[in-house]
Structures are given as structure tokens and as C-alpha cells.
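Student: Below: sequence and its predicted model.
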Amino acid sequence: MFIQQNYDYLRHQLLMTGFGDALNAPLRENLEQGAEKFSLQHSRLFGEDETLSTLHFSKASNGDHYFFNAYDLVLRRPGEEEVKQHVFINDKYNYTLKERYNLLNGRAVFKEQPVLSKDEVTGKLVPNGQTYLAWRDLDLKNRDKLGNFVSKTMYWEHKKELQS
């Protein structure tokens with residue numbers, strides 16, 4: 001069963017995460033087919049660099065709604081080894097494809113970040129509704145247990161530093 005509202009939400013989510021509208025038709029086709037899970041392929045050039053993304057979608061276990069859960073990102077640069085990262089998608093505070101491209105190239109990104117607090121029930125860190133601005137980058141020499149590069153936050157107040 002195709003649900004227009006779910007399609008519109010996912011289409012908007014793809015647009016806001018930097019994938020544009022090129023995936024709208026295959027997204028719609030997959031939603032209409034009703035499979036439990038599906039993936040879409042996306043590629044984009046940034047100058048001579050290319051990003052290849054495999055976007056992962058799944059149906060909710062208790063309904064017909066689908067979610068854009070994550071994507072696998074591969075960065076190919078001429079004459080260099082491929083760089084890979086698995087990217088999880090949340091309701092808010094996602095990085096765009098271009099920001100992820102910059103992070104995989106070793107550049108920091110200035111972004112609004114959620115303040116995380118420990119959930120008393122699950123013990124997991126969850127956003128508490130407050131945010132802050134910070135520079136984020138990746139430690140391209142160290143990976144976490146999932147094989148992703150470790151994220152670093154830099155609390156550098158660039159406006160203050162530039163005034164001195």
C-alpha cells in the first residue's frame with residue numbers, strides 16, 4: 001500500500017540530507033512494491049572526487065511506514081585509496097552529503113549539535129532538546145567498533161579568536 005505522506009516525508013529527508021531529487025522515482029517505486037527493506041544507489045561528483053552512496057530504507061515492524069535509516073558512503077579521489085563511512089540518519093541534526101564529503105576529506109564542519117544526556121531507562125545518550133554550535137571533524141586514523149572514523153568535536157570560538 002502506497003502512502004503519499006510517507007513518500008513526501010522521505011523525499012524531503014533526502015533533499016535535506018543533500019541527495020537532491022534524483023532518487024524520487026526509484027523511492028516511489030520501492031515504496032509501492034512494499035518490500036520490508038530496500039536500498040537506493042546515488043553518486044555525485046565534487047570536482048574530480050566522487051561520492052558513491054548506498055541508502056538503506058526499511059519498513060516499520062508495526063505498520064506500513066518506511067524510514068531512511070542509514071547510508072554507506074564511499075569517497076573516491078583520483079590516485080588515492082577509497083575512504084568509507086557508514087552514516088546513521090536521525091530525525092534532526094543530520095549532516096548533508098557535502099558536509100560528509102568534507103569530513104571524509106579531512107575538513108571540519110561547523111554545525112549545530114544536540115546536547116546529549118543519559119536516558120535513565122536505557123542508559124543511552126539521547127538529545128535533551130538543547131543545542132550548541134561546534135566544529136566537528138573525523139579522526140581519519142582511528143575507527144570505532146563499527147569500523148567508522150571517530151568523530152571529534154572542537155570547541156573553538158572562531159569569532160572571539162578572530163577579534164584578538
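Tutor: That came through, no problem. Numbers count the residues shown, from 1 in each chain.
Student: Now do the same for the helix or strand in which residue 116 is found: mean pLDDT, whole number.
Tutor: Here residue 116, judged by DSSP states H and E, is contained in strand 109-118. The predicted model assigns strand 109-118 a mean pLDDT of 89.
Student: Quick check: can you name the pairing partners of that strand and their directions?
Tutor: Paired neighbours of strand 109-118 in the sheet (DSSP bridges): strand 125-143 (antiparallel).
Student: what distance separates the helix or strand following the partner strand from the centre of its chain?
Tutor: Where DSSP H and E defines the elements, the next helix or strand beyond strand 125-143 is strand 149-154. Taking the mean of its C-alpha atoms, strand 149-154 sits 15 Å from the chain's own mean (Cα atoms, centre = their mean, to the nearest Å).
Student: Could you do stretch 48-58 as well?
Tutor: Centre-to-centre, stretch 48-58 and its host chain are 10 Å apart (Cα atoms, centre = their mean).
Student: Which residue ranges of the protein form helices?
Tutor: 4-16, 24-33, 97-104, 158-163 (DSSP state H).
Student: contacting residues around the residue nearest to residue 83 when sequence neighbours are not counted?
Tutor: Distances taken as Cβ to Cβ, 6 or more residues apart in numbering put residue 75 closest to residue 83, at 4.4 Å, once the chain neighbours are dropped. Bear in mind the C-beta positions are built from the backbone N, C-alpha and C, glycine included. Shown in contact with residue 75 (Cβ atoms under 8 Å, 6 or more residues apart in numbering): 49, 50, 51, 82, 83, 84, 101, 104, 105.
Student: Same check on residue 126?
Tutor: Contacts for residue 126 (Cβ under 8 Å, 6+ apart) come out as 116, 117, 118, 119.
Student: need those residues in CSV with distance to residue 56 and neighbour count, can you?
Tutor: CSV is the format used below for these (distance: Cβ to Cβ, whole Å; neighbours: other Cβ atoms under 10 Å):
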residue, distance to residue 56, neighbour count
116, 24, 12
117, 28, 13
118, 28, 11
119, 25, 11
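Student: Tell me the one among those nearest to residue 32.
Tutor: residue 119 (36.6 Å; Cβ to Cβ).
Student: Would you mind getting the angle between the strand holding residue 116 and strand 149-154?
Tutor: 100 degrees (axes from the mean of the first three to the mean of the last three Cα atoms, to 10 degrees).
Student: in strand 109-118, what's buried?
Tutor: Neighbour counts over strand 109-118 (16 or more other Cβ atoms under 10 Å) mark 109, 111, 114 as buried.
Student: Before I go, just wanted to say thanks for your time.
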